[in-house]
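>>> Provided below are the primary sequence and the corresponding predicted coordinates.
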Amino acid sequence: MALQFTPAGQRVLDAATRWRLGDADGETGPVELLLGLLDEPEYRAAGILAGRGIDQAAVQGRWPAARRAVNPKLEGRARPALGQVIDHALQLVMARLETGRGFPLATEHLLFGLVLADHDVARWLAAHHLEAAELQADICARYGISLEPLTIEFDDQPIPLADTVSPDSRIVYADAIDNMAMGEPKVDAPVFDTVRRQIVAAASGGDAGFRSNAAHPIASDPAGEFALLRILDAASNRAGEAVRVVEDYVRFALDDALLTRLCKEIRHDLKQALAQVPAFDRLSARDTPGDVGTSLSTESERRRESLFDVAAANVRRLQESLRSLEEFGKLVDPAFATACERLRYRSYTLHQVIGRTVDARARLEGARVYVLVDGRDSPQAFESLVESVLAGGADVVQLRDKRLDDRTLADRAGRLRRLTREAGTLFIMNDRPDLAVASDADGVHVGQEELSVGDARRLVGPRRLVGVSTHSIEQVRQAVLDGADYLGLGPTFASGTKQFAHFPGLDFLRAAAVETKLPAFAIGGITLENVASVVETGIGRVALSGAVVGAANPAAAVSEIRGRLTEPYA
């Protein structure tokens, strides 16, 4: 039986041939395959690896001899270790006995093979807490594959399939597939049809054909079942089409990798849920010419005002379709209805995150220089510092001072509000939502140890900005999902104002610039001398403290650094 791969799995193999490890010209092995899995962040395997902090830069750091081939040979040879990887990947593949074709290998299957095989890559992945058992359980759950041994029944007698199916991984071996496809079953002819039907049902995680919940009256009503199939078909089409439209928007209009991945995961998991209602049965019930709803539309459905309007309309369409699938799915299987319900909740988060990203980008469109000031020793010194910072062209000013008592801090906040309002500059209060509201600040900034984004939002309301400090790509993802308006990324360099044991540095900025297009400011030790290296990462917004408040001429310091931010900013 020939190996089959999903389109993404095939692209991974093609990408792997474009990498070379040392002098292994024309040969592809585990390291090259790992780099191929990371070639596009949208691959499910790449998302799993990213969650462990693994990207192509990390792999090349471990195997510095790895490099992209100048003239790759797409038909290159595979090193023996790669064959072992494929063998292990096949442990998670179920055969489709009716056609004799294997279930295609996806990127996550290839990653599982890498983790389970015996070579340096597997040991390195294990050191990054990528465990085979956890990965296997996740993949099997996603594909609806049970790890229990398969048995079939004929005349109420169980028939073991030990010679056909592996109890540990439920693999249907190639010889059994070939035999059954050629009409040469391994069991006696009288039971062949029963065997085939039951194996197919078990291997697919459900019945070979559609059957509504047997406990429900509709199960004995053919016309009702037919109507149910039409409803599920229409709702599934609407949901799939809607999430694809939203995905196109976040991918091409927002250029946002994280949001694109969220859409792809919803689309993939929707497809897995719908596997319980076979596509052939849904197609058989489809009657587009006779559908009374195809000729009905409203003026609002034919008009859209913006790209975001298109995306927002389709997120709502996705939610409505999932609700329909959930409610009518209760007539099919409670588990199916629950899966649709969970997808609907995820669509709410997607809707919120897209809306927040678009709004924050509009509100912070021109914000490039963010300056953090303390309260100084007197009101006069404070106002003099703020006036100089504003004169230099600061777009955002944050009041951060842990020394002052609340009354003095409130006084400084009031003064800063007056000065920034006159200058048309945003005012952010650090770590104090109560004072942000009391002083009518434009927003509040919180750290990883302070209030959560959600708690801060509840205190300051929906229209004030909420920013959050992040120190890892995992914290970036969480901040986006939590509904932050902007991110602080760092610390980038050693700073004179705050001490840190760990510096994520420029690599963190590069990763964040690729991951999200939510407004993000690099922070930590940024000066006129090193700001160019920050811009090169793709992050063109900076937050400054010591380089400005400690300068002899704060206005000049802000102006000079602003002049270095010449690249497009993220």
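Right, received. Where do you want to start? Quick caveat: nothing in here was measured; it's all calculated off a predicted structure. Numbers count the residues shown, from 1 in each chain.
>>> C-alpha only now, for contacts and for neighbours.
Will do.
>>> what residues sit buried inside stretch 11-26?
Across stretch 11-26, burial judged by 16 or more other CA atoms under 10 Å covers Arg11, Val12, Leu13, Asp14, Ala15, Ala16, Thr17, Arg18, Trp19, Arg20, Leu21, Gly26.
>>> the third one contacts Leu33, correct?
Yes - counting by CA atoms under 8 Å, Leu13 does reach Leu33; the two are 6.8 Å apart.
>>> what about the stretch 51-200 of the chain, any weak spots by pLDDT?
Counting by pLDDT under 70, the ranges of the stretch 51-200 of the chain that qualify are 70-84, 87-88, 90-104, 140-200.
>>> likewise for the chain?
Along the chain, the model assigns pLDDT under 70 to residues 1-4, 23-26, 70-84, 87-88, 90-104, 140-211, 213-220, 294-301, 496-502, 566-570.
>>> okay, buried residues for the longest helix along it please.
Secondary structure assigned by DSSP state H gives helix 334-363 as the longest helix of the chain. By 16+ other CA under 10 Å, the buried positions in helix 334-363 come out as 336-341, 343-344, 346-347, 349-354, 356-358, 360-361.
>>> relative to Gly447, which of the buried residues of stretch 11-26 is nearest.
Val12 (38.2 Å; CA to CA).
>>> ok, now how distant is that closest one from Asp431?
Remark: distance between Val12 and Asp431 (CA to CA, to the nearest Å) = 45 Å.
>>> count the neighbours of the nearest residue to Thr527 once chain neighbours are set aside for me.
Using CA to CA, 6 or more residues apart in numbering and skipping the chain neighbours, the partner closest in space to Thr527 is Ala547 (5.7 Å). Other residues near Ala547 come to 22 when the count uses other CA atoms under 10 Å.
>>> now the helix or strand where Ala547 lies: how far from the chain's centre is it?
Ala547 belongs to helix 546-549 when assigned by DSSP states H and E. Put simply, helix 546-549 sits 37 Å off its chain's centre (CA atoms, centre = their mean, to the nearest Å).
>>> what's next to it, contact-wise?
Under the contact criterion CA atoms under 8 Å, 6 or more residues apart in numbering, helix 546-549 has outside partners 371, 373, 385, 389, 495-497, 525-528, 554-555, 557-558.
>>> buried ones among those?
Applying 16+ other CA under 10 Å to these flags Val371, Val373, Leu385, Val389, Ser495, Gly525, Ile526, Thr527, Pro554, Ala555, Ala557, Val558 as buried.
>>> okay, and which of the residues you listed map to strands?
Mapping these onto strands (DSSP state E) picks out Val371, Val373.
>>> assign Ser469 to helix, strand or coil.
Following DSSP: H, G, I helix; E, B strand; the rest coil, we place Ser469 in the strand state.
>>> tell me what it is bridged to.
With DSSP bridges as the criterion, Ser469 is bridged to Gly488.
>>> Leu489 is in contact with that one, correct?
Yes - contact criterion CA under 8 Å: Ser469 and Leu489 qualify, at 6.3 Å.
>>> quick one: which of the two has more around it?
Legend: neighbour count by other CA under 10 Å for Ser469 and Leu489, higher for Leu489 (28 against 24).
>>> give me every residue that touches the more buried one.
Per CA under 8 Å, 6+ apart, neighbours of Leu489: Ser469, Thr470, His471, Phe508, Leu509, Ala520, Phe521, Ala522, Ile523.
>>> distance check, it against Val542.
Remark: distance between Leu489 and Val542 (CA to CA) = 9 Å.
>>> for Lys517, same thing?
Noted for Lys517: a distance of 15 Å to Val542, by CA to CA.
>>> between those two, who's got more neighbours?
Between Lys517 and Val542, counting by other CA under 10 Å, Val542 is the more crowded of the two (26 against 23).
>>> phi, psi for the more buried one please.
phi -130, psi 150 (degrees, to the nearest 10).
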